[in-house]
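Q: predicted model, plus sequence, below.
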Amino acid sequence: MDFVARVYVTPKKAILDPQGKAVASSLQALGYDGVDDVRLGRYIELQLSGVTGSEAAGSRVDEMCRRLLANDVIEDYRFDIEEKLEEQGA
């Protein structure tokens, strides 16, 4: 089966995020009141093929996150897995 995994990596709450602070400050300077905090992160989309099911795909993506995609000391991650729909030709 083929799957699409969408991975979201963000700094842990206890970690200072200077880029997020700069964006929050800029938004406030542009008149967007009510923006209390901004945390910048990364979005990663993975195309997985030859996986036997969604549980196996989830295990594989979790391992990828722990080994390469996220630094678990300073970052949190979460992911969504869905079965890839067959693309129809034109």
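A: Received the coordinates, thanks.
Q: CA only for contacts and neighbour counts going forward, please
A: Will do.
Q: pLDDT at Ala90, what is it?
A: We have a pLDDT of 49 for Ala90.
Q: from now on call the first residue 56
A: Will do, 56 is the new start, and the previous item becomes Ala145.
Q: note down every partner strand of the helix or strand where Glu100 lies and its orientation.
A: In the assignment (DSSP states H and E), Glu100 maps to strand 97-103. Note on strand 97-103: by DSSP bridges, its sheet partners are strand 58-66 (antiparallel).
Q: got the contact list for the partner strand?
A: Applying Cα atoms under 8 Å, 6 or more residues apart in numbering, the contact partners of strand 58-66 are 72, 94-104, 106, 109, 112, 116, 124-125, 129-139.
Q: what do you get if the cut-off is 10 Å, keeping everything else the same?
A: In this structure, residues lying in contact with strand 58-66 by Cα atoms under 10 Å, 6 or more residues apart in numbering are 72, 75, 94-109, 112-113, 116-117, 120, 124-140.
Q: got the CA coordinates for that strand in PDB?
A: Below are the C-alpha coordinates for strand 58-66, written out as PDB (Å, rounded to 0.1, in the frame of the first residue of the first chain):
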ATOM      1  CA  PHE A  58       0.700   6.300   2.100                       C
ATOM      2  CA  VAL A  59       1.200  10.000   2.600                       C
ATOM      3  CA  ALA A  60       2.700  11.100   5.900                       C
ATOM      4  CA  ARG A  61       2.500  14.700   7.000                       C
ATOM      5  CA  VAL A  62       5.000  15.500   9.700                       C
ATOM      6  CA  TYR A  63       4.900  18.700  11.800                       C
ATOM      7  CA  VAL A  64       8.100  19.600  13.800                       C
ATOM      8  CA  THR A  65       8.000  22.500  16.300                       C
ATOM      9  CA  PRO A  66      10.300  23.700  19.100                       C
END
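Q: if I look at Gly86, how far off is Ser80?
A: Separation of Gly86 from Ser80 (Cα to Cα, to the nearest Å): 10 Å.
Q: more neighbours, the two?
A: Taking other Cα atoms under 10 Å, Gly86 and Ser80 do not tie; Ser80 has more neighbours (16 against 9).
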